[in-house]
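A.B. asks: how does the following fold in three dimensions:
(2 chains)
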Amino acid sequence: MILEFERPIRDLEERIAELHRLAGSSEGLQAEISRLEGALDAAKRRIYSNLSAYERVQVARHPDRPNFRAYRDELSDDFYELSGDRFFGDDPAVRGGFARLKRGGHNVVLLGHDKGGDTKSRVKGNFGMAHPEGYRKVGRLYELAGRFGLPIVVVVDTPGAYAGRTSEERGQAWAISADLMALARTPVPVISVIIGEGGSGGALAMCVADYVGMLENSYLSVIAPEACASIIFRDPGRAAEAAEALKLTARDLKQHGIVDEVLPEPLGGAHKEPNTAIREVGDALDRVISGLSEATPKALIEARHDRYRCIGTHAAGDNV
Amino acid sequence: MDDAGFTKCERCGQPIYEKDLLARFNVCPHCEFHYPLPAPERIRLLTDSGSFKEHDAGMVAGDPLRFDGYGERLARAKEKTGLADAVVSGVGKIGGRPVALAVMDFRFIGGSMGSVVGERVARTIEHAHADGLPLVVVSASGGARMYEGVYSLMQLAKTSVALSRYMDGSLPYVSVLTDPTFGGVTASFATVADVIIAEPGARIGFAGARVIEQTTRERMPEGFQTAEFQRDHGMVDRIVHRLALKGDLERLVRFVA
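C.D. replies: The predicted structure is shown next:
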């Protein structure tokens, strides 16, 4: 899939490929090829380093972007999956289990929204939009991590919690709020990395954490820019403007002190060189898990409390 | 409703004297339909006369993202409601027992939760914790306040961390859900209470029925997301008529606080 702003790059790439074909083994076109390659490199740098907020949202949603499965497979050498919420069913939109991370050999509870690998698994996983049973499975795994003293590592990538008849019948809001409370209380380190989409409450239920990292082109927002544009501007066509206003990019959120770190992506986005992006996340996880390994449960819970307790902007009040 | 002192019930169509409606705290005398209730009226309904003392009055929202139009929207809401934001909080007595109380007001930008709602709810929780008081939160909200972007989302986390401390103790937290309560408020403090009470017919859920119908192209069944629906699905403990709510809370508090 080619995004609109990637067209100039694709055009250059096609012209270079065409010249290579025409040139064959002769060297007559080499100068022109070199010139175009230089132009391509410049175009990539210009375009990818100046992406607008909404363009980054599109990169974050790119179907070829590495998702939970890639991180799970690349970062762990043993993933022992656990299923089910013990009440209703197993929700494939979120997955989790015990995992040993290759980098550093840490044993953790690894969780993530699963957007799937092909059309069939994407549909089965409801495009990463979990039902209440998914959030209750997640809550169960938080509990297990706490009991066994294993750090919780979460790979966040969801457009949002599913909003439909079935999810309402089974208490979507109740499932999410319970996860927020569980994260507030868990005695083990919580480490979340937003690798793509961070859609509102459905993402937050998995990233009230001691460390929140964001890949450069991921986003975290209270509402999808399209929905925000419909509601506030009464025009879904103004999504780009809404994305800008919501300050949802990794860089914005770092500036506002909401997240800890922006993790760089390869030029053009994680989908261009998945392993480079995954390695970046793996390195961060190893560093953060090691850094938190000495923290006591009490210190972790207190620091997490203090971190979230003070987010907000307000003024005055009689006993502020 | 017009100013002629006379209005027509939107639900049953019967004429109502406005002073009757006021005397019944916005409950229709004919069909018992519960209209939204301004926070100051709710406080008058629930607390012993003269006992309520407001905390953090006048706390006002910042505009952390400089979101186009937010300033004007806030100014209009303040003028319309006379409130500083979508919540009024403090301490009042219910049946002689002091209780920490936060009451949301749907008239103020749809009862949306931004930094002020999050902060005042969190302070109410902390005050209850410090002074050993039962906690009662009455919600009415369309969800998070989009104008504050991720700051509004983070209020879910803020109220949760505050509640986690209070709820490790043995004092009761009672959540009262009124029409409508949705989004970030239901996905955080409103649904983790020890006891959840809802008003008859109140619409309560995560996403609104209209949004769900638009995105899924499925018609929602009759009574979807009403208080009764939520009780029948195991999400709400009790449905209590507004005019019986004070007495109901007094009974509850006698058991658990």
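
A.B. asks: end to end on stretch B:177-193, go ahead and measure it.
C.D. replies: Start-to-end span of stretch B:177-193 (Cα to Cα, to the nearest Å) is 11 Å.

A.B. asks: using the record's domain definitions, break the chain down for me.
C.D. replies: In the absence of a named chain, chain A is used. For chain A, the structural domains run A:4-50, A:57-309, going by automatic domain parsing.

A.B. asks: wait, I meant chain B there
C.D. replies: B:1-33, B:35-256.

A.B. asks: quick one: closest of these to A:Asp157.
C.D. replies: Of all these, it is domain B:35-256 that lies closest to A:Asp157, at 16.5 Å by Cβ to Cβ. C-beta here means a position set from N, CA and C on the backbone, and glycine is covered the same way.

A.B. asks: follow-up on the earlier one: comparing the domains of chain B, which comes out most buried?
C.D. replies: Comparing the domains of chain B by mean neighbour count (mean count of other Cβ atoms under 10 Å in any protein chain shown), domain B:35-256 comes out on top with a mean of 21.

A.B. asks: and that domain, what's its mean pLDDT?
C.D. replies: For domain B:35-256, the mean per-residue pLDDT is 97.

A.B. asks: ok now that domain, how far from the chain's centre?
C.D. replies: 3 Å (Cα atoms, centre = their mean, to the nearest Å).

A.B. asks: and the end-to-end length of that domain?
C.D. replies: End-to-end distance of domain B:35-256: 30 Å, with Cα to Cα as the criterion.

A.B. asks: mean confidence (pLDDT) on the strand ranked longest in chain A, please.
C.D. replies: Criterion DSSP state E: the longest strand present in chain A is strand A:190-199. In this model, strand A:190-199 has an average pLDDT of 98.

A.B. asks: which ones are touching the residue of chain B most remote from its centre?
C.D. replies: In chain B, B:Arg217 marks the outermost C-alpha relative to the chain mean, sitting 29.8 Å out by Cα atoms, centre = their mean. By Cβ atoms under 8 Å, 6 or more residues apart in numbering or on different chains, the contact list for B:Arg217 is empty.

A.B. asks: do a quick rundown of the helices in chain B.
C.D. replies: Shown for chain B, the helices assigned by DSSP state H span residues B:18-23, B:39-46, B:70-81, B:115-131, B:149-166, B:183-186, B:209-216, B:227-232, B:245-256.

A.B. asks: can you tell me what sits against the last one?
C.D. replies: The set of residues that contact helix B:245-256 without belonging to it, under Cβ under 8 Å, 6+ apart, is B:45-46, B:94-95, B:97, B:99, B:134, B:136, B:171-172, B:174, B:176, B:194-195, B:197, B:199, B:238, B:240.

A.B. asks: same check, this time on the first one
C.D. replies: Contacts with helix B:18-23, where a contact means Cβ under 8 Å, 6+ apart, come from B:Met1, B:Gly5, B:Phe6, B:Thr7, B:Val27, B:Cys28, B:Pro29, B:Tyr35.

A.B. asks: nearest to chain A among the residues you listed?
C.D. replies: Taking Cβ to the nearest Cβ as the measure, B:Tyr35 is the one of the contacts of helix B:18-23 closest to chain A, at 23.3 Å.

A.B. asks: any idea how far B:Thr7 is from the closest one?
C.D. replies: Computed as Cβ to Cβ, to the nearest Å, the B:Tyr35 to B:Thr7 distance reads 10 Å.

A.B. asks: pretty sure B:Gly234 sits against A:Arg170.
C.D. replies: No. With contact defined as Cβ atoms under 8 Å, B:Gly234 does not count as touching A:Arg170 (9.2 Å).

A.B. asks: could you list the low-pLDDT ranges of chain A?
C.D. replies: Chain A contains residues with pLDDT under 70 at A:25, A:317-320.

A.B. asks: mind listing the helices in it by residue range?
C.D. replies: A:7-23, A:30-49, A:53-60, A:68-75, A:119-124, A:132-148, A:165-169, A:172-185, A:200-204, A:225-232, A:239-246, A:250-255, A:274-292, A:297-309.
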